[in-house]
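[1] sequence-free structure coming up:
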């Protein structure tokens, strides 16, 4: 004859939500990259306007640039 014992066992289960952190990190990276690109763009405009003022206008700046490239200054 078979003698089988039946036992009861309590099992606890937990549910973990899988949060999609990759997409959030991509969003943060895109915002940081855009902020740096915007800052560099503003810096470029400030530098260019400073060069206009320093050279005496856009025409004088272009003449100075052409002279510097060709070596005729």
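    Yep, it's here. Please read all numbers here as calculations on a predicted model, not as lab measurements.

[2] Could you use CA atoms for every contact and neighbour count after this?
    Noted.

[3] Now the helix ranked longest in the chain: buried residues?
    In the chain, with assignment by DSSP state H, the single longest helix is helix 21-55. Buried residues in helix 21-55, defined by neighbour count with 16 or more other Cα atoms under 10 Å: residue 52.

[4] Which positions in the helix or strand following it come out as buried?
    Next helix or strand after helix 21-55 toward the C-terminus (DSSP states H and E): helix 58-70. Neighbour counts over helix 58-70 (16+ other Cα under 10 Å) mark residue 61 as buried.

[5] Would you mind listing the residues in contact with residue 40?
    By Cα atoms under 8 Å, 6 or more residues apart in numbering, residue 40 lies in contact with nothing.

[6] can you start the count at 627 instead of 1 from here on
    Right, with 627 as the first residue, what we last looked at is residue 666.

[7] Tell me, what's the model's pLDDT at it?
    Looking at residue 666, its pLDDT stands at 98.

[8] now it: how far from residue 686?
    Residue 666 sits 25 Å away from residue 686 when distances are taken as Cα to Cα, to the nearest Å.

[9] And for residue 638?
    80 Å.

[10] what's the pLDDT at the residue nearest the centre of the chain?
    Nearest to the mean C-alpha position of the chain, by Cα atoms, centre = their mean, lies residue 659 at 1.8 Å. Looking at residue 659, its pLDDT reads 98.

[11] and the gap between it and residue 665?
    In terms of Cα to Cα, residue 659 sits 10 Å off from residue 665.

[12] Residue 689 now?
    29 Å.

[13] cool, and residue 675?
    When residue 675 is compared with residue 665 (using Cα to Cα), they lie 15 Å apart.
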